[in-house]
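below: sequence and its predicted model.
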Amino acid sequence: MKLITAIIKPFKLDDLRTSLAELNIGGMTVTEVKGFGRQKGHAELYHGAEYMVDFLPKYKIEILVNTEDMDNIIDIIISSAQSGKIGDGKIWVTDVDKIVRIRTGEMNENAI
Ligand SMILES: Nc1ncnc2c1ncn2[C@@H]1O[C@H](COP(=O)(O)OP(=O)(O)OP(=O)(O)O)[C@@H](O)[C@H]1O
Ligand SMILES: [Mg+2]
């Protein structure tokens, strides 16, 4: 089992949500975050204006998946969130040791 974490531009969330709805994902978590990448937030455009601050608004997406679904979901995130401009974000994957569905006590793959 894996946790896919993606940082995306806020205006890409709807596209991503629509694309993921066609897949059989169990759920997702979206958090409003702020961050910067290697340009340190300086030269990036946001809503057409250059942001003169270090931190830019982003969304963090978290999706628990079966390992065999990981590559497919990463491909979908890339194709929905890519504008080709700086600041498009990043995706990383971590191993997950245990998942529990609180209502039923189901575990691991059965809890996704
Ligand atoms: N090394 C990192 N560690 C943690 N979060 C990161 C890292 N790099 C980027 N992020 C997060 O992703 C967001 C978008 O990063 P960004 O796309 O600007 O990365 P980049 O490496 O500068 O790539 P690009 O050159 O395409 O802009 C940042 O605002 C931050 O929230
Ligand atoms: Mg950047």
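Structure received. Numbering: from 1, shown residues only. Ligands and ions are numbered 1, 2, ... in the order given.

show the contacting residues for the residue of the chain found nearest ligand 2.
Nearest residue of the chain to ligand 2, counting by CB to the ion: residue 37, 3.0 Å away. Glycine gets a C-beta too; all of them are placed from N, C-alpha and C. Contact analysis of residue 37 by CB atoms under 8 Å, 6 or more residues apart in numbering lists 86, 87, 90.

what sits up against the particular helix or strand that has residue 15 in it?
Assigned by DSSP states H and E, residue 15 belongs to helix 13-21. The contact list for helix 13-21, computed with CB under 8 Å, 6+ apart, reads 8, 28, 30, 59, 61, 63, 73, 76, 77, 79, 80, 81.

okay, the angle between the helix or strand residue 30 falls within and helix 13-21?
Assigned by DSSP H and E, residue 30 falls within strand 29-35. Calculated by axes from the mean of the first three to the mean of the last three CA atoms, to 10 degrees, strand 29-35 forms an angle of 140 degrees with helix 13-21.
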